Every structure is written in C-alpha cells, then in structure tokens.
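J.: below: sequence and its predicted model.
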Amino acid sequence: MQSLSIISVNIWQILISFANLAILTWIIRKFLFKPVKKVLDSRRESIDSAYARADEAEKEAEENRRNYAAAMAAAKQTADQMISEAARDAERRGGEIENEARERAQEIRRQAEEDALLEKKKAEEDMKREIADVSALLTGKLLEREVTPEDHRGLIDSFLQELDG
Amino acid sequence: MTEEKRGRDARFRRVDGLLIALMILPLAACIALKVLFTPASEGVDISGAMIYATIPFPLQELVITESQINSWAIILTLLGLCLYLTHGLTEKAETKRQLIAEWIVEKCEGLVNANMGERYAGYEYLIAAIMGLSAFSSLSCLIGLFAPTGDVNVTAGWAILVFCLVTWTKMQGGFLNYLKGFTEPIPIFTPMNFISEFSLPVSMAFRHYGNVMSGAVISALIGTALRSLSKMVLGWIPVIGTIPLLQIGLPAILSIYFDVFSGLMQAFIFAMLTMLNVSGAFPQEAWEKRQRKKAIRKQRAALAKA
C-alpha cells in the first residue's frame, strides 16, 4: 500500500476538507447549539416568570397586609364608638333612674307629710269634739242645768281659746 | 405508570447505547482499516497518509487517503458526541452530560463574544467546529491513527474556508471598497498587499500542519532510534534482547507534548486566528459608519417616496 509523500497538494482533498469543516459546523449548530440554547432560553424564561410570580405574590401580600391593617383600624374604631355609646347610654339611663327614684321618694315623702297633717287635723278635730263633749258633760253636771247649744258653743270656744292661749 | 417509566428508561438507555456506538465504531473501523492495510516494515518510515483508493477525476486524481477517512470518522464521532450530550436535555439540568454540553456552548459563546463582539455571534458554530475537529484530529494519533491534521490538504481546506469568510466579511463594505483596500496606503503597495492577503491561508495551513507533522516525525525518529539503541545495548541477552525495552518511557512523555499539548494548542491557535482575522477584516468603526450611511440612505428613499 503506497502512501502520499509528506507534502502533496491535491485540490480534491482540499475541497473535501473544506466541505468537512462546513458540514461539521452545520452539525454542531444543529445538534449541539440549537438544543442547548433552546433549553437555556426556556430555563431563563421560566426563571423570569418565577421571579415575576414572586414579585406579584409579594405585592399581593403587601396589599393584603395593608387591607388587613385598614380593616383592623376600622374595626377598632367601630368598637371604640360602640363602647363609648354604650357608656353614654348607661350614664343617661342611670341618671334617669336616679331622677325617677328621687321624684318618687319626694312624692312618697310629700304624701306621708300630707297624711300626717291630715291625721293631725283629724286628731285635733276628734280631740276638740271629745273635749267639747266632756266639757259639756262636765259643765252640765257642774251647773246642774241644761246649757243651750249656743251657750255651749260659746263656752267651748272660750275654753279652746284659753287652751290655745 | 412505573411500567411506562421503566419502558421509557429502557428506550433512553438503548438510544444512549446507539449513540455511544456511533462515537466509537467509526474510529474502531479506522483502526481496523489501518491495521489491515499497513505493511510490515522495519526502519524509519516517514511519509504522508496512506492511500486507500485512487479515483480518476478531472484536473487531478481524487485520492482517498487515511486523512479523509479519519476526518469522516471524527465527524461521525463528533456527531455522536453532540447527540449524546444533548440527549435528554431538561430545564433543570439533571445530568452531567447536560452540564458538559452547556459548558461547551457557553464557553464558545463567551470566547466568540470576547474576541469578535456581538456582531459576529454566528461564528460560534464555526469556532466550535474548528476546535472540535482540529483537537480530535490531532488527538486521534493517540489511538494509533494517522492524524488528519498532519496532512497539509486537510488544514489547507480549513484555511481556505477561513480565507473565504475573511474575504466575504471584507466585501461587506462593497466590492469596490474591497478592491480599493489593496491600494492602501499608496498604490505602489498593491503587490505586497496581495501577497499579505494570500499568505494568510497559507500560513494558517502550514502552521497547523507543520506542528502536528513535525511532532509525528520527531516521535517516529526517536522511537526508531530507541529501538536501534535497545538492540545494540540489550541485544546480546537471549530472550529480553528481542524486546525494545528502551522504547518504554520517553516516547510516552514526548507524545504528551507533541500529540496532546501541541495538538490542543494548535486547535486553539487556529480558532483564535480565525476569530481575529474575521473580526479584523471589517473593523467596528467602519461597520458603524456603514450602518449610519445605510440608515441615511433608507431615510432619503422614504422621503423621496413620500
């Protein structure tokens, strides 16, 4: 089997080598770079979308937090308002009850005073009549005679005046 | 579910096996071819690639030699390697081979970007192909094959491809501009400019070829010398004398330098020169100027239409 001499130029061989490199370039592009780049691109895309999703979630959480804080503040305000209202109501009711009680007590007292006055008058009347009766009896007995009612009246009055005086 | 998954795994492994076979079989076939055709010989044998077939062609005979066959085998191996590395790519990069594939792609992209700029991003395929083909060609002598890069025709083909690209890039500024470039700085320089222009592919081809071939020649010379020395020094011992013991050691160390280091170095240098020559063919400022001019022309055309 013969060999080429150590330097021999053959244009067909050169052409074959030229084509070989061109073909290998195409092979490398088609079978190595294209698939790898596709995967790299899709990875970059998915990372980007994951970041976007994370940002969105963060924003949403922040918004939720703000909403929650606002709702809490509103609830607190409502509760405060309710409590103060209730307190005011209770105060008002307490005052009313007190006033009522006082009024009632005053009425009871007035009634009692009136009753007592009435009783006193009645007792006075009773006493007057009894005294008049007793004195009439006594005077009748003392004078041994019938005293006319006019006399009688005059006597009693003078007696009572004496008593009063 | 698991049955289906197992079936898928088995299919995946079968495809893997086929791809690995595609990587190994061409090289094995080349070795077998070489073993079948190599004549038994003693003594120094320094010659080019073996000729397997000669086909009559116009202009010059087409000879199919070891370097062509080995180149094709290496291209098939690289195709198998590409398919193997990109087999089962996922977004999450679960396999080691995907990491290797991504590393290769990103390194090539980075190299082309750093040396040529964004404008020449399309050259990364060519650069990857040059590096792969050159490195694997040079390293193929490690498994006993004739390194295709040791054949001047092979490197000349690559250099001419690079030259075509350089010329095409230069013509981006217009054909007349390209011709005018030869008369600069003064018209008397034209012949020298022509020589320097056409010395580029020649120098690239011979640099690569010479480095690989000289390494092979030196390795062959030293191997032969050590065999002779072994015969002279140890030849008188009955059985051991027939074994060239002195050949152990030194050729391996030389092989690390000439075959591995020099081969990879030359692949890198060839790729570097390609990048520098192509990107230097049409400088950035000239390109930007041309882009501006183009934009103005387009604007004018739009105005004329309106």
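T.: Happy to help now that I have it. Numbers count the residues shown, from 1 in each chain, chains lettered A, B, ... in the order given.
J.: ok, and the residue of chain A found nearest chain B, which helix or strand is that part of?
T.: In chain A, the residue that lies nearest chain B is A:S17 (2.6 Å; Cβ to the nearest Cβ). Every residue, glycine included, has its C-beta placed from N, CA and C. In this structure, A:S17 is located in helix A:11-28 according to DSSP states H and E.
J.: could you do B:G215 as well?
T.: The secondary structure element spanning B:G215 is helix B:190-234 (assigned by DSSP H and E).
J.: likewise B:T54?
T.: Secondary-structure assignment from DSSP H and E places B:T54 in strand B:51-55.
J.: next structured bit after that strand?
T.: Using DSSP H and E, the next helix or strand after strand B:51-55 towards the C-terminus is strand B:62-65.
J.: against which helices or strands is the helix or strand following that next one packed?
T.: With elements assigned by DSSP H and E, the helix or strand that comes after strand B:62-65 is helix B:66-85. Based on contacts counted as 3 or more Cβ pairs under 8 Å, 6 or more residues apart in numbering or on different chains; DSSP states H and E, the elements that helix B:66-85 packs against are helix A:11-28, helix B:2-37, helix B:96-116, helix B:124-139, helix B:152-170.
J.: so, low pLDDT: which residues of the stretch 1-150 of chain B?
T.: Within the stretch 1-150 of chain B, the segments meeting pLDDT under 70 span B:1, B:40-45.
J.: let's see 80
T.: Judged by pLDDT under 80, the stretch 1-150 of chain B has its weakly predicted residues at B:1-3, B:38-49, B:93.
J.: point me to the residue of it nearest chain A.
T.: Checked against chain A (Cβ to the nearest Cβ), the nearest residue in the stretch 1-150 of chain B is B:G48, 3.4 Å away.
J.: and if you look at the stretch 151-300 of chain B?
T.: Nearest to chain A in the stretch 151-300 of chain B, going by Cβ to the nearest Cβ, is B:G157, at a distance of 2.6 Å.
J.: still on that earlier bit, what's the nearest residue to the residue of chain A closest to chain B once chain neighbours are set aside in contact with, if anything?
T.: With Cβ to Cβ, 6 or more residues apart in numbering or on different chains as the measure, B:G157 is the residue that lies nearest to A:S17, at 2.6 Å, once sequence neighbours are left out. If you count contacts by Cβ atoms under 8 Å, 6 or more residues apart in numbering or on different chains, B:G157 has them with A:13-21.
J.: please redo it, this time with the cut-off set to 6 Å
T.: For B:G157, the contacting residues are A:14, A:17-18, taking Cβ atoms under 6 Å, 6 or more residues apart in numbering or on different chains as the criterion.
J.: could you do A:R29 as well?
T.: Contact criterion Cβ under 6 Å, 6+ apart gives B:Y125 as the residues in contact with A:R29.
J.: so it versus B:C30, what's the distance?
T.: 25 Å (Cβ to Cβ, to the nearest Å).
J.: ok, now which ones touch the residue of the stretch 1-150 of chain B closest to chain A?
T.: Contact partners of B:G48, counting by Cβ under 6 Å, 6+ apart, are A:3-6.
J.: the closest residue to A:F31 other than its chain neighbours: neighbour count?
T.: Counting by Cβ to Cβ, 6+ apart, the nearest residue to A:F31 once its immediate chain neighbours are dropped is B:C82, at 4.0 Å. Burial of B:C82 is recorded as 26 neighbouring residues (other Cβ atoms under 10 Å in any protein chain shown).
J.: which residues of chain A lie near chain B?
T.: Applying Cβ under 6 Å from any Cβ of the partner chain, we find that chain A lies next to chain B at A:1-7, A:10-14, A:16-18, A:20-21, A:24-25, A:27-29, A:31-33, A:35-36, A:39, A:42-43.
J.: as a check, name the ranges of all strands in chain A.
T.: Using DSSP state E, chain A contains no strands.
J.: poorly predicted segments of it, please.
T.: Scanning chain A for pLDDT under 80 picks out the ranges A:1-7, A:135-152, A:155-156, A:159, A:162-165.
J.: Provide the secondary structure category for B:H87.
T.: When states are read from DSSP: H, G, I helix; E, B strand; the rest coil, the local structure at B:H87 comes out as coil.
J.: ramachandran angles for it?
T.: phi -80, psi 120 (degrees, to the nearest 10).
J.: thinking again about what came up before, please pick the buried ones from the residues of chain A next to chain B.
T.: For the residues of chain A next to chain B, a burial check counting by 16 or more other Cβ atoms under 10 Å in any protein chain shown picks out A:3-4, A:6, A:10, A:12-14, A:16-18, A:20-21, A:24-25, A:27-29, A:31-33, A:35-36, A:39.
J.: what does stretch B:82-96 rub up against?
T.: The set of residues external to stretch B:82-96 that reach it, using Cβ under 6 Å, 6+ apart, is A:31-32, A:35, A:39, A:42-43, B:19, B:97-101.
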